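[1] structural data only, the sequence is not supplied:
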């Protein structure tokens, strides 16, 4: 079972710390009474105060985040300041109230018989792979823009790094590293930007290698109510929040660019 | 604070707006707690159509100032799929079930109403008239005569409560509401979303897959209040008011404007139990008022 049920209430935790991990921000908060999530599951987060009133009067809705680490009563998230929601979360001060809903969605499943996990992450997409690796050790191929972002590689073990600009590790794309490993008896666990995931989907399905992709999609609710976060599969659209976020690469028609 | 709505006994005046809570997905996410602590006094289903629909191409959402623009496109399993797969699960809910239906012709709506209303699990129906009649080209709910003709056609098919969900994208929603009442509707609900648009921040092309969508949330609260007041003045049947309700005070304002019940929509996306919280806040407001009236 790769899904822990969420309590049917958003609950109020407290921000304990926001610190830098390379070019990213790590947010630690309390999660009083929250259950233990499964790797690949996610949470909807919103600060209790000043959520709204930023640029263009946003943010308004909570934002979806994979968790980076969990211990009883405590959660860690990693974020990148890319819009009004992540900007506000990144500016949170210790002691601020934070609304948590989760854990949500379906996480990663165990590898198929005879296959070993191979983790492939791009940028902020490494986040769900960190708790997965803690549960299910395996090598991680991680790609970043540059050395400043690649510093987040320290959050995982057994890492082979690459960067777009060659400032750390292999100079090139993480999918180049993956291509060299597809003859091995592996099952791929991947998360990253849409273009990377689409490349992983194509490579693995063409080679008949099983792959589980953790997708991201803009969502309003996180629990199947809004139908906003759909992606195309061979059976039509499915909701990333309840049918995913982890989906089999072979079931997907494409990883949407949005 | 029990309420009666079109003959249905409700525990409190807060229901969900159609399409803003999927009880089946909620059961998958939260488990049976959804049944034990259901946040609404009635459950209004997402719109069902005669044939299955995939819905609009993504992206389907855009966060706007104080709200949300959605272009979901009414994905659903179609009438047969709904009756076979969804209805047996929804029958487990501890509150009355109101099924929202939409057709592209009057005959389609009649088929839906007849098939849904005969099921014992169904307490009432809501007609989504925010779509074009493909025969006349008119939005059914934008024109009083179109609305009246539709309600005339389906009214004889059931004795169960029939509520018409009005569109705010009409010249005179109160005239449409009055026409629905005169044709036999048991109630009206409003507002549906208001048409809106967002452009891609870099390319300038329409962001939403369907180009335009419906605006909901606090951004439309004042508009909803005005339309609910205007409609409630014009009709004697119960009005279900909705639009940007986030607190008991917002719900109270709609009741003061003449609504008999209040629906919560977008706020549920932020807080899945918003309906129960708002009902409790509303009950507190009622208690405070009774206390101050005695003093």
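    Here it is on my side, so go on. Keep in mind the model is a prediction, meaning the values are calculated, not measured. Numbering: from 1, shown residues only, chains lettered A, B, ... in the order given.
[2] tell me how many other residues surround the residue lying closest to residue B:37 once chain neighbours are set aside.
    Excluding the flanking residues, the one nearest residue B:37 by CB to CB, 6 or more residues apart in numbering or on different chains is residue A:8, at 5.9 Å. Using the backbone N, CA and C atoms, a C-beta is placed for each residue, glycine as well. A count of nearby residues for residue A:8, using other CB atoms under 10 Å in any protein chain shown, gives 23.
[3] which pLDDT does the model give residue A:8?
    The predicted local confidence for residue A:8 comes out at a pLDDT of 97.
[4] so who does the residue of the stretch 151-295 of chain B found nearest chain A touch?
    For the stretch 151-295 of chain B, the residue positioned closest to chain A under CB to the nearest CB is residue B:269, at a distance of 3.9 Å. Shown here is residue B:269, whose contacts under the criterion CB atoms under 8 Å, 6 or more residues apart in numbering or on different chains are A:61, A:220, A:221, A:225, A:226, B:20, B:68.
[5] any idea which of those residues is closest to residue B:27?
    Compare each of the contacts of residue B:269 with residue B:27 using CB to CB and the shortest gap goes to residue A:225, at 12.1 Å.
[6] and what about the closest one, helix, strand or coil?
    In the three-state summary, residue A:225 is assigned as coil, counting by DSSP: H, G, I helix; E, B strand; the rest coil.
[7] touching, it and residue B:267? I think so.
    No - when contacts are counted by CB atoms under 8 Å, residue A:225 is not listed as touching residue B:267 (11.1 Å).
[8] point out where the stretch 101-250 of chain B drops to low pLDDT.
    Low-confidence regions of the stretch 101-250 of chain B, defined here as pLDDT under 70, do not occur.
[9] what ranges do the strands span in it?
    In the stretch 101-250 of chain B, strands defined by DSSP state E, counting those that start in this stretch lie at B:124-128, B:162-165, B:187-190, B:194-197, B:212-216, B:239-242, listed in chain order.
[10] ok, the stretch 1-150 of chain A next?
    For the stretch 1-150 of chain A, the strands identified by DSSP E, counting those that start in this stretch occupy A:11-21, A:24-30, A:42-47, A:63-66, A:69-71, A:74-79, A:97-104, A:116-122, A:140-144, in order along the chain.
[11] can stretch B:182-198 be said to contact chain A?
    No - residues of stretch B:182-198 are not located near chain A by CB under 8 Å from any CB of the partner chain, the shortest gap being 10.5 Å.
[12] burial of residue A:223, as a residue count?
    Burial of residue A:223, expressed as a neighbour count using other CB under 10 Å, amounts to 27.
[13] let me see the contact set for residue 44.
    Using chain A here. For residue A:44, counting by CB under 8 Å, 6+ apart, the contacting residues are A:10, A:62, A:63, A:64, A:99, A:100, A:101, A:102, A:104, A:221, A:222.
[14] you looked at the wrong chain, it should be chain B
    Residues B:15, B:16, B:17, B:18, B:98, B:99, B:100, B:126, B:263 are the ones in contact with residue B:44 under the rule CB under 8 Å, 6+ apart.
[15] got the contact list for the last one?
    Shown in contact with residue B:263 (CB under 8 Å, 6+ apart): B:14, B:15, B:16, B:17, B:44, B:189, B:240, B:241, B:242, B:245.
[16] correct me if wrong: the fourth one contacts residue B:265.
    Yes - counting by CB under 8 Å, a contact exists between residue B:17 and residue B:265, whose distance comes to 3.3 Å.
[17] one step back: so can I have CSV of the strands of the stretch 101-250 of chain B showing distance to residue A:43 and mean neighbour count?
    Supplementary listing: the strands of the stretch 101-250 of chain B in CSV, determined by distance: least, CB to CB, whole Å; neighbours: other CB atoms under 10 Å in any protein chain shown:
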stretch, distance to residue A:43, mean neighbour count
strand B:124-128, 33, 25
strand B:162-165, 33, 26
strand B:187-190, 33, 28
strand B:194-197, 29, 17
strand B:212-216, 23, 24
strand B:239-242, 28, 30
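[18] can you put the ones you listed in a markdown table and add distance to residue B:177?
    As requested, the strands of the stretch 101-250 of chain B are arranged in a markdown table below (distance: least, CB to CB, whole Å):
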| stretch | distance to residue B:177 |
| --- | --- |
| strand B:124-128 | 12 |
| strand B:162-165 | 7 |
| strand B:187-190 | 5 |
| strand B:194-197 | 17 |
| strand B:212-216 | 19 |
| strand B:239-242 | 8 |
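[19] looking at those strands, which is nearest to residue A:150?
    strand B:212-216 (38.7 Å).
[20] give me phi/psi at the closest residue to residue A:170 other than its chain neighbours?
    The shortest distance from residue A:170 to any residue that is not its chain neighbour, by CB to CB, 6+ apart, is 3.8 Å, and that residue is residue A:162. When read as degrees, to the nearest 10, the backbone of residue A:162 gives phi -140, psi 160.
[21] the helices in the stretch 151-295 of chain B, which residues?
    In chain order, the stretch 151-295 of chain B shows helices spanning B:173-182, B:221-234, B:248-256, B:266-270, B:274-294, with DSSP state H, counting those that start in this stretch as the criterion.
[22] host element of the residue of chain B found nearest chain A?
    Residue nearest to chain A within chain B (CB to the nearest CB): residue B:25, separated by 2.4 Å. Per DSSP states H and E: residue B:25 is located in helix B:23-30.
[23] helices along the stretch 101-250 of chain A, start to end?
    Using DSSP H, counting those that start in this stretch, helices in the stretch 101-250 of chain A cover A:129-135, A:147-150, A:174-179, A:194-207.
[24] out of the ones you listed, which is closest to residue B:170?
    When the helices of the stretch 101-250 of chain A are ranked by distance to residue B:170, counting by CB to CB, first place goes to helix A:194-207 at 39.4 Å.
[25] how about the residues of the stretch 51-200 of chain B near chain A?
    Going by CB under 8 Å from any CB, the residues of the stretch 51-200 of chain B near chain A are B:54-55, B:58-61, B:63-68, B:70, B:72, B:75.
[26] 6 Å instead, please
    B:54, B:58, B:59, B:60, B:61, B:63, B:65, B:66, B:68, B:72, B:75 (CB under 6 Å from any CB of the partner chain).
[27] domains in chain A, as residue ranges please.
    Per automatic domain parsing, the domain ranges recorded for chain A read A:11-104, A:109-214.
[28] what about the last one, average pLDDT?
    Per-residue pLDDT over domain A:109-214 has a mean of 97.
[29] please apply the same query to stretch A:24-31.
    On average, stretch A:24-31 scores 98.
[30] how far does that stretch sit from the chain's center?
    Here the centre of stretch A:24-31 is set off from its chain's centre by 14 Å, with CA atoms, centre = their mean, to the nearest Å.
[31] grab the nearest non-local neighbour of the residue in chain A positioned nearest to chain B.
    When scored by CB to the nearest CB, chain A has residue A:224 as its residue closest to chain B, at 2.4 Å. The spatial neighbour of residue A:224 that comes closest, neighbours along the chain excluded (CB to CB, 6+ apart), is residue B:25 at 2.4 Å.
[32] per-residue pLDDT, the one you found?
    pLDDT, the model's per-residue confidence, is 98 for residue B:25.
[33] now do the one 4 residues further on
    The predicted local distance difference test score for residue B:29 is 98.
[34] pLDDT score for the nearest residue to it once chain neighbours are set aside?
    In space, and not counting its chain neighbours, residue B:29 is closest to residue A:223: 4.4 Å by CB to CB, 6+ apart. pLDDT for residue A:223: 98.
[35] OK, contacts around residue A:223?
    Contacts here follow CB atoms under 6 Å, 6 or more residues apart in numbering or on different chains; on that basis residue A:223 touches B:26, B:29, B:272.
[36] same question, residue B:182
    The contact partners of residue B:182, by CB under 6 Å, 6+ apart, come to none.
[37] one more time with 10 Å, if that's ok
    Neighbouring residues of residue B:182 by CB atoms under 10 Å, 6 or more residues apart in numbering or on different chains: B:144, B:147, B:148, B:151, B:152, B:235.
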